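Q: Fold the stuff below for me.
(2 chains)
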Protein chains: 2
Amino acid sequence: MDDMTTDTEAGQWRKAPGRPRDARADDAILEAVIALLSSGQSAAAMSMEAVAAKAGVGKATLYRRWPNKETLLVDAMLRMKGPPPVPQGRSLREDLILLATRPIGKDNEKHTRATACLLPEIAKNPELYDVWQRVTEPRRNVTREVLRRGIETGELRADLDVELTTLMLSAPSMAQNLFHFNPAVPAEGLAEKIVDAILRGAAA
Amino acid sequence: MDDMTTDTEAGQWRKAPGRPRDARADDAILEAVIALLSSGQSAAAMSMEAVAAKAGVGKATLYRRWPNKETLLVDAMLRMKGPPPVPQGRSLREDLILLATRPIGKDNEKHTRATACLLPEIAKNPELYDVWQRVTEPRRNVTREVLRRGIETGELRADLDVELTTLMLSAPSMAQNLFHFNPAVPAEGLAEKIVDAILRGAAA
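A: From the prediction side, this is the model:
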C-alpha cells in the first residue's frame, strides 16, 4: 500500500502518460469526492459506491485506481490543497508569505467548505487523522526548511522553536480562511501581517 | 429578543434565584444540545423537538425559556465556552497566558468535539455565525483590553495591531486543541510559548 500511495501522490502533480482514458475518470472521481465533502457528506460515512455513482463511473473503474477509501481521500485532499509552494530562496520574508498565503483559485470556496467539513471529523477519527497528516506534512516540511535556512543564514534566532513557528504561521490563516475567526481582521494583506509579526519576534 | 438574550447570558453564570424548578430543566436542555452537537448532529438540522426529547422535557418547558433555536444555541455555546477569564492585571504576560489557555474540565473533550463539529457549520451559515460571534466576542474583548492596557503602560509597541494580535493569540491554541494541527507541537506549555513568541515581537 505504501508503494501505491507514493505512486499516487507523485502522479497527482503531473500528467499520467499512457493512461489517457483513465485521466478523465480520475478527475471525475476526485471531483465527486470533493463535491460530496463540500455538500456536508461525512468522510467516515462516505461509501465507495456513492463516490462511483456521483462520478458516473463503474465501481470496477474506481477500485482499479483506489483500492480503498483512505487512499482515495488522500488524493482528494491533495487535489484540494494543491502541491506545496516552492520557495524561491531569495528572501526569507517572501518565502514565508508564500507559505502563509492561501492559493486563490476558482474552486477555492468549495475546497474551503470541504476542508472545514473535514477538520472536525479528522480530529476524532485516528485513521482520517493519519490521512490528513500525509497531506499536510509536505507543506509543513517546506516551512520547516525555510525556517531552518533562516537560522543558518543568521536572519532568525538560533534558538527559534521551529515547530511552534510553523504552527503560528499556519493557524491564523487557517482560522481566518475557514472560520472567519476574528471578524475584525481584514482578509487583505493577512499573510504579510502574520509573517511580519512573527519575524519581528523571530529575528536574530 | 436582545433583552431576553442579555438576561439569558447574564443568568448563565449565576444561580437563578426563585426558579429552582426551572434550573434543573435548563441544565438538562443545555446538556441535551451539547450532547447532540458532540454526537455529530448538525446545528442547522437540529430541531427543538429533538432537543426536548433528548432532555426529557416537554416542548412547552423548552419554548418557555428559549423561544427559538438561535437563543438556545447561544446559551449552549456559552455553557461550553464558560465565562471569559478575568485577568488579574498584575502581569501582561500572565494575563495573556490566561487568555491563551484552554480551561480544563471534566467535559472538555465533549465540548471540544461539539465545538469542532460546529465550526464548519458556523462558517457557512450566516445566522449561526452571528450566534457564534455573540459567544466569542466577549472573550476577544477581554484580550483587546489587556493588549490596549499593555500599550498604555508602554510594555507593548504603540503601533501594535491589536486585532491581528488577538487572532494570533487565539488561533494557534484553537488549531491545536480542536484539530491537533501540527502534531510536532506538544500540548504542554503551549499557551506560554505562544505568548512569549508574540510578546517578543510585540514588546515596545
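
Q: can you give me the strands for chain A?
A: For chain A, applying DSSP state E gives no strands.

Q: OK, now which residue of it is nearest to chain B?
A: Evaluated by CB to the nearest CB, chain A has residue A:201 as its residue closest to chain B, separated by 3.0 Å. No exception for glycine: its C-beta is placed from N, CA and C like everyone else's.

Q: Apart from its neighbours in sequence, what residue is nearest that residue?
A: The shortest distance from residue A:201 to any non-neighbouring residue, by CB to CB, 6 or more residues apart in numbering or on different chains, is to residue B:201 (3.0 Å).

Q: Could you break chain A into its assigned domains?
A: Following the assignment in automatic domain parsing, chain A carries domains at A:4-78, A:84-202.

Q: Dump the ones you listed into TSV; add mean neighbour count as well.
A: Listed next are the domains of chain A as TSV, based on neighbours: other CB atoms under 10 Å in any protein chain shown:
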stretch	mean neighbour count
domain A:4-78	16
domain A:84-202	18
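
Q: could those domains go into CSV alongside mean pLDDT?
A: Formatted as CSV, the domains of chain A follow (pLDDT from 0 to 100):
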stretch, mean pLDDT
domain A:4-78, 79
domain A:84-202, 89
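
Q: Centre-most residue in chain A?
A: Among the residues of chain A, the one closest to the centroid is residue A:81, at 3.3 Å (CA atoms, centre = their mean).

Q: Show me where chain A has its helices.
A: Assigned by DSSP state H, chain A shows helices spanning A:2-11, A:20-38, A:48-55, A:59-65, A:69-81, A:92-100, A:108-124, A:126-152, A:162-179, A:190-202.

Q: okay if I get these as a markdown table plus distance to residue B:157?
A: A markdown table is the format used below for the helices of chain A (distance: least, CB to CB, whole Å):
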| stretch | distance to residue B:157 |
| --- | --- |
| helix A:2-11 | 44 |
| helix A:20-38 | 41 |
| helix A:48-55 | 52 |
| helix A:59-65 | 54 |
| helix A:69-81 | 35 |
| helix A:92-100 | 19 |
| helix A:108-124 | 33 |
| helix A:126-152 | 22 |
| helix A:162-179 | 18 |
| helix A:190-202 | 9 |
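
Q: Would you check that the residue nearest to the centre of chain A makes contact with residue A:139?
A: Yes. The pair residue A:81 / residue A:139 is scored as a contact, 7.2 Å apart, by CB atoms under 8 Å.

Q: End to end on stretch A:144-161, go ahead and measure it.
A: Using CA to CA, to the nearest Å, the end-to-end distance of stretch A:144-161 comes to 10 Å.

Q: what comes into contact with it?
A: Residues outside stretch A:144-161 that contact it (CB atoms under 8 Å, 6 or more residues apart in numbering or on different chains): A:87, A:89, A:92, A:95-96, A:99, A:162-163, A:165-166, A:202-204, B:193, B:197.

Q: Nearest to residue A:66 among these?
A: Residue A:66 has its nearest neighbour among those in residue A:99, at 29.3 Å by CB to CB.

Q: which residues touch the closest residue to residue A:113 other than its chain neighbours?
A: Spatially, and ignoring its direct neighbours in sequence, residue A:113 is nearest to residue A:38 (4.4 Å; CB to CB, 6+ apart). Counting by CB under 8 Å, 6+ apart, residue A:38 touches A:110-111, A:113-114, A:117.

Q: Which residues are in contact with residue A:173?
A: Contacts for residue A:173 (CB under 8 Å, 6+ apart) come out as A:100-102, A:190-191, A:194.
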